[in-house]
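> Next come a sequence and a model predicted from it.
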Amino acid sequence: MRTGAGDPLADVEDVLVALGTGLWHWDTDAGEVRVDAQAAHLLGLPAEPACLTEAQVRARLHPVDWNEITGVVQLAVAEGTLAEVRIRIMDERGHIVRVVRSRSRPSFDPDRKAYELTGALQEVTEPAPGTPAGRSAVTGDWRRSREAFLLDAGRALAEARSTEEVLRVAAGLSMPGFSPDGLAVFGVSGDRLSVIGHHGQPDAEADPFMDMSLSTDYPATEVVRTGRAVYLSSPQQYRSRYPMTWPLAERFGRQSWAYLPLTVAGRTMGAWMAAFTYPVAFTPDERSVLTTVARMLAQALSRAGAAETQRQLTDGLQRTMLPALGPQIPGMDIAARYVPTGGGLQVGGDWYDMIALPGGRFALVIGDVQGHDVRAAALMGQLRIALRAYASEGHRPDAVLSRASHFFHGLSESYGDPADLRFATCYYAEVDPANGTLESARAGHLDPVVRMTDGTALILATAGGLPLGIDPDSDYPTTRFALEPGDTLMLCTDGLVETGGHDLRTGWERLRVVLEEHEDGLEELADALIQTVHGPSSHHTVGPLVDRREDDIALVLLHRQGECDAGVPLPSPVRRTMMTVSQAEPARIATARQHLRDLLHDWPDEEQRDAAVLLLSELLTNVLVHTDADALLAAEVGGEPGERRIRVEVTDNGDDLPHKRRPGEMASSGRGLVLIELLADTWGVAPRGKGKSIWYELYESTPPPDAPGAAAVPADAA
């Protein structure tokens, strides 16, 4: 290969040897590969010129690389470009001894139907691990980098939930060895092509591409029309193939472009452009990476688009079923939230409502239809309309729920699937803003919660019946209570309590912290409660249950304005609570005891708390055992800290007044008043027309000298 002595290129072979570059020639028709000494050395053979068979050469190459050579050669001939490929050289034991880069100019003889190539081989130096070159996909193991990149890209695109997130992930992809600096995603609408997202060029510069006809002579429109990718390795190729739109692309200063179809289920939904500021040959490996990314991008955009459409539809449907809270209510503030589960179909059976009633009163309704599907949403909508109708007719809360239960039972049966009968929980309360009183009925729903002026949060134990639809003839007793100025009522569905693996107890404890410590307004409190369940803190307060299920959330907060809302603190905060213990529900005595303990949660003397609970249990038991009437409990904690008192009063309709007596050693009764006299700071009996009430008080500090004592009831009272 040495030329004449006077030729200035006479020492080319010596230069190539000095550069570690070998020359080779391959004729596929003859099946021979001629190599010089350096090329033979790089192939792991003796360093001398040789004429090898294809089988001899193939034995020195990694099997995967040999297969790729064929594709590279065919592509280079078709495009009139150089064929460049990296080849792993193997020894006799199958170990990789080096990596070489082959560059050649192939030609094809149609008569012989054979390829002929002349090219160069040069060893690729592997960089040391940890160096900047070692972190580059170009000089490292390109295939391993490609696989890792595709895995990471697929994971990131699969996790993107919106079109905006998909485009952000696509813009951040760092491809192995040939990362583009400009990206654009085109979408198709009718016969128009528009940019739905781009990266790497100013918004103003992208204006000419924002809307164009599919008949435009432009690479992206050709990709959409034909469904085939377009690769442009140089500005000359771009100019020659698309002279009409080349002036638009020229100002970006790019050197290579790849336009790939975004295809889903056989339909081309758009195109993806990757532009480079340096020349890219678009080898089969590079095209393979681009094609794979385009497929993943198309799938991600399709999923995101479908999810966004579904979310808009279902969220719009759900929210149109939910009411506006209406005009400002004198003396009251109200806030509400609805949060879909976020998984699957975002429509379910949770709802809340606010219904205007005569005389300035209004009704608050919250409920949950069983299920999380379209049928649950349909049943919810019909039930909500029925409740509104019954309330507008002027029925009391118990009658509203009784009629609603009968209606819902028939409605559920009318769907014709006996195996899929549904029920619904519901809480209905009529509110009088003038005095803060509420009269409510409950159908299998959670009890309401009240946060008192001093921040104490209590579950109000209200009377209730079966969920709607189970028994069409169910009765729903009513409960009457009052919100004091400054109190806040919370109504919610079980999604707020039980989401995140919590049961009713642990879920309530999680919410109670927020209720008692929150100091901002009502809207901020509503947001804080939702964030407790769905915000970052929810992952640090996982409940005891294995199932971290999610559910829809409906939340309503009602605040009765007080003097403290106008900037004037109340003279002394007062906590009050009431509940009824009927003859048929002796188990509610335990609920009443817990209720009193919650009311006294910050009482400093534990013995006094125990005494108050013991005396309450005695009084309630006495009513259930010795009368045929129900017992009404009213408890109140008032006074300044350090000087507070607890007053507990139990009222019944019995005619017989209690009296003290000396029970025998084996007597099973007669000790109630004795205990009251021993443990209470003061107590008494008060006739109430038909019936009576027994009360007692305990003081946080020593009672004043003139405080009424046990003498309020004569020892021989009959």
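Okay, I see it.
> From here on, just use CA atoms for contacts and neighbour counts.
OK.
> from the middle of its chain, how far away would stretch 625-641 be?
Chain-centre distance of stretch 625-641: 44 Å, with Cα atoms, centre = their mean, to the nearest Å.
> Pull up the pairing partners for the strand ranked longest in the chain, direction included.
Criterion DSSP state E: the longest strand present in the chain is strand 96-109. Partners of strand 96-109 in the sheet, by DSSP bridges, are strand 83-90 (antiparallel), strand 114-123 (antiparallel).
> Least confident of these, on average?
Of all those, the minimum mean pLDDT falls on strand 83-90 (a mean of 83).
> can you give me the strands in the stretch 401-550 of the chain?
Counting by DSSP state E, counting those that start in this stretch, the stretch 401-550 of the chain has strands at residues 424-432, 437-443, 449-451, 457-459, 478-482, 488-492.
> cool, and the stretch 601-718 of the chain?
631-638, 645-652, 682-687, 692-699.
> Just want the angle from the second one to strand 631-638.
Right, the one you point to is strand 645-652. Comparing the axes of strand 645-652 and strand 631-638 via axes from the mean of the first three to the mean of the last three Cα atoms, to 10 degrees yields an angle of 170 degrees.
> Show me what strand 645-652 is packed up against.
Packing partners of strand 645-652 (3 or more Cα pairs under 8 Å, 6 or more residues apart in numbering; DSSP states H and E): helix 606-626, strand 631-638, strand 692-699.
> Okay, now the sheet partners of that strand, with direction.
Paired strands of strand 645-652, with direction, are strand 631-638 (antiparallel), strand 692-699 (antiparallel) (DSSP bridges).
> how far does that strand sit from the chain's center?
47 Å.
> go on, the last one?
Distance, stretch centre to chain centre, for strand 692-699: 50 Å (Cα atoms, centre = their mean).
> tell me the mean pLDDT over it?
Across strand 692-699, the average pLDDT comes to 90.
> and stretch 440-452, C-alpha only, in PDB?
C-alpha atoms of stretch 440-452 as PDB (Å, rounded to 0.1, in the frame of the first residue of the first chain):
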ATOM      1  CA  SER A 440     -80.200  15.400  63.800                       C
ATOM      2  CA  ALA A 441     -80.800  11.900  62.700                       C
ATOM      3  CA  ARG A 442     -78.100   9.300  61.700                       C
ATOM      4  CA  ALA A 443     -78.300   6.300  59.400                       C
ATOM      5  CA  GLY A 444     -75.300   4.200  60.000                       C
ATOM      6  CA  HIS A 445     -73.000   7.100  59.500                       C
ATOM      7  CA  LEU A 446     -70.100   8.400  61.600                       C
ATOM      8  CA  ASP A 447     -71.000  10.500  64.600                       C
ATOM      9  CA  PRO A 448     -70.300  14.200  64.200                       C
ATOM     10  CA  VAL A 449     -67.300  15.900  65.900                       C
ATOM     11  CA  VAL A 450     -67.300  19.200  67.700                       C
ATOM     12  CA  ARG A 451     -64.300  21.300  68.400                       C
ATOM     13  CA  MET A 452     -65.000  23.600  71.300                       C
END
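> Any buried residues in that stretch, and which?
Buried residues in stretch 440-452, counted by 16 or more other Cα atoms under 10 Å: 440-452.
> re the thing from before, mind putting the strands paired with strand 645-652 into JSON lines with distance to Arg512 and mean neighbour count?
Shown next, in JSON lines, are the strands paired with strand 645-652 (distance: least, Cα to Cα, whole Å; neighbours: other Cα atoms under 10 Å):
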{"stretch": "strand 631-638", "distance to Arg512": "19", "mean neighbour count": "20"}
{"stretch": "strand 692-699", "distance to Arg512": "26", "mean neighbour count": "21"}
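> Out of the strands of the stretch 401-550 of the chain, the one nearest Ala258 is which?
Closest of these to Ala258 is strand 488-492, at 54.2 Å (criterion: Cα to Cα).
> Send me that closest one as PDB with only the CA atoms.
Only the C-alpha atoms of strand 488-492 are listed here, as PDB (Å, rounded to 0.1, in the frame of the first residue of the first chain):
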ATOM      1  CA  THR A 488     -66.900  24.100  65.100                       C
ATOM      2  CA  LEU A 489     -68.800  21.000  63.900                       C
ATOM      3  CA  MET A 490     -67.100  18.500  61.600                       C
ATOM      4  CA  LEU A 491     -69.000  16.000  59.400                       C
ATOM      5  CA  CYS A 492     -67.100  13.600  57.300                       C
END
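> what residues does that strand touch?
Contact with strand 488-492 is made by 366, 446-452, 483, 553-560, as judged by Cα atoms under 8 Å, 6 or more residues apart in numbering.
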